[in-house]
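Trainee: Only the shape, not the letters, is given here:
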């Protein structure tokens, strides 16, 4: 990938809509995210800022706060004057613009390092990963119809492929078709000496598979696990596949494809998912019990969230837009959205709370999780003959993911022996 690609993709477009104006959920709470930017307490963000996650993924916290300060200081027109990150058009202060500039900074460093050949390939791969991470944040929350976000997705994926080619880890692209649509998954291998126990991993509906690499390098690879990532339907490489209550449909097709992949030990195959990815993982525990040996939900959306009510109403507006976008809706009423989301409940589908699966399942979440309350994890544990629920303290927040993943790794090592 060259610098020219970035320049061509990100020419200012007078017709590109600002992200918060793309989706309309009529009747949804007008809740904004109040995130500190100095002493400003009167303004907030449209997006839910994932500061600890982004820092863990390699974003410099000083650069990040500088971006937010630049957005806050922008005098350009906004879609909503209350919302710092709604600057219109592609220029200084616009969310896409600021994060793409940071991505280009690391891309240029990577290209220069390749030209000078003064850094080891793995160090150059890290620069490409940083570029990919910043481009991915530029696209967040990845709404369909967001022109600049779609272009940022392209840059994120291409930078990720450059990183894969240079990394000391072996990373391969797995391609398969579903209903005539080409789907890509990424297989990450700590070694290729023998077939390895393998974890299929998906994030939530606002997470690209290119964002999951630290989960592999920090947790799965040191434990000797291979990792296959796949985007949820309606997102990333799976954007042409509509999302519906059959959240695991692409995972099921991937399972069949993995039978032909020599580096995967299909007798030691597990499914891991966060948020809606957790919903897909647990569905597979019931529907593909002969093909998977274990399933893990990390803060997965199982049942309670889909009932609507106070839990849904407490969410920032961004999440209503995300769910509407994944369902293929540009305009929808809140009542219709809640009705459609109800079908995603695994209890409503007759899976949880009835005949238990023989596949071991693990539900992990933090206290006061707005998407996955303790009762959901307990119901999940009771729905398997070998089920377990782990609910960890949510403080300190910046170590919550680490504590969750350490529990997951210990459990998977026991189940995939």
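Mentor: Looks like it arrived, so ask away. Computed from a predicted model, the values in this text were never measured in an experiment.
Trainee: all strands of the stretch 101-250 of the chain, in order?
Mentor: For the stretch 101-250 of the chain, the strands defined by DSSP state E, counting those that start in this stretch occupy 170-178, 181-189, 196-202, 226-229.
Trainee: Please list the residues outside the third one that contact it.
Mentor: Contact partners of strand 196-202, identified using Cβ atoms under 8 Å, 6 or more residues apart in numbering, comprise 187, 189-190, 209, 212, 215-216, 220, 224-232, 251, 254-255, 258, 263-266, 268-274, 276-277, 280-281, 412, 416. All C-beta atoms are positioned from the backbone trio N, CA, C, and that covers glycine.
Trainee: how much space is there between residue 106 and residue 45?
Mentor: 24 Å (Cβ to Cβ, to the nearest Å).
Trainee: wait, residue 257
Mentor: Distance of residue 257 to residue 45, given as Cβ to Cβ: 39 Å.
Trainee: Give me the more crowded residue out of those two.
Mentor: Neighbour totals were compared for residue 257 and residue 45, and residue 45 leads with 23 against 17 (other Cβ atoms under 10 Å).
Trainee: Residue 234: neighbouring residues, count only.
Mentor: Residues lying near residue 234 (other Cβ under 10 Å) number 20.
Trainee: how about it, what does it touch?
Mentor: Residue 234 neighbours (Cβ under 8 Å, 6+ apart): 144, 205, 241-243, 325-328.
Trainee: likewise residue 278?
Mentor: Here residue 278 is in contact with 296-302, 363, 372 (Cβ under 8 Å, 6+ apart).
Trainee: which among those residues gets closest to residue 349?
Mentor: Using Cβ to Cβ, residue 302 is the member of those that lies nearest residue 349, at 10.3 Å.
Trainee: Need the three-state assignment for that closest one.
Mentor: coil (DSSP: H, G, I helix; E, B strand; the rest coil).
Trainee: same question, residue 394
Mentor: Secondary structure, three-state DSSP: residue 394 is coil.
Trainee: need the longest helix for the chain.
Mentor: Secondary structure of the chain per DSSP state H: the longest helix is helix 95-116.
Trainee: Mean confidence (pLDDT) on it, please.
Mentor: When pLDDT is averaged over helix 95-116, the result is 96.
Trainee: buried ones in stretch 385-405?
Mentor: The neighbour-count check on stretch 385-405 (16 or more other Cβ atoms under 10 Å) flags 387-392, 400-401, 403-405 as buried.
Trainee: what sits up against that stretch?
Mentor: 52-53, 56, 215, 218-219, 298-299, 356-369, 374, 377-378, 380-381, 407, 411.
Trainee: let's go with 6 Å and repeat that
Mentor: 52, 219, 298, 356, 358, 360-368, 374, 377-378, 381, 407 (Cβ atoms under 6 Å, 6 or more residues apart in numbering).
Trainee: ok, of those residues, which come out buried?
Mentor: 219, 298, 356, 360-366, 374, 377, 381, 407.
Trainee: Show me which pair in those residues is furthest apart.
Mentor: Maximum pairwise distance in the buried ones among the contacts of stretch 385-405, criterion Cβ to Cβ, is 27.8 Å, between 219 and 356.
Trainee: Alright, I will stop here.
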